[in-house]
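Colleague: Predicted model and sequence follow; I will ask about them next.
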Amino acid sequence: LGLAACNLGGVDSFAPPLTTPAKAKLLDAIQSGGSDADIAKCAAKVELLNPLRLSGTTTSDLLPGNWLMVYTTSESIAGKNRPKAFQVRTPPEQLIDVANGRAQNAETVFGITNAVDISLKPATRDRVDVRFEKFRVGPISFPAP
């Protein structure tokens, strides 16, 4: 689960009395350091209220762009297991290019940008298959295993 800051997909235009409190609860759970289970529960509620569930979220005009990943269940992206000095101070960025089936996750530590180039392939109208292709640590790049 990765959540991008804070455009949760046009949900407010659907049913503001329902979606606004659900989004606020999700953002509060993230900002207050809620458990992964609590955050996932809040995210599931926001997703349930998303009108794009009917047409497919992967076709939304709101998805492409450069996002800050304010929350992720990925330990490697979050970097929580790294020594404190190597943990990022700002959220990693995620560039999503749906039209070309591409994405990139990037972070900067000590002024050095580390990134992974990603191939996206639609699997369903709501899900994509993700394949890491190339890792970059500063100027050094190598194929993903």
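Modeller: Looks like it arrived, so ask away. Numbering: from 1, shown residues only.
Colleague: which residues touch stretch 112-122?
Modeller: Defining contact as Cβ atoms under 8 Å, 6 or more residues apart in numbering, one finds that stretch 112-122 is touched by 58, 96, 98, 101-108, 128-138, 144. Placement of C-beta: from N, CA and C, glycine included.
Colleague: among these, which ones are buried?
Modeller: Thr58, Ile96, Val98, Ala103, Gln104, Asn105, Glu107, Val128, Phe135, Arg136 (16 or more other Cβ atoms under 10 Å).
Colleague: The second one is in what secondary structure piece?
Modeller: The one in question is Ile96. strand 93-97 (DSSP states H and E).
Colleague: Show the subsequent helix or strand relative to that strand.
Modeller: With DSSP H and E setting the assignment, the helix or strand that follows strand 93-97 is strand 102-109.
Colleague: What strands line up against that following strand, and which way round?
Modeller: Sheet partners assigned to strand 102-109 using DSSP bridges are listed as strand 93-97 (antiparallel), strand 112-122 (antiparallel).
Colleague: Now do that strand: distance to the chain's middle.
Modeller: 11 Å (Cα atoms, centre = their mean, to the nearest Å).
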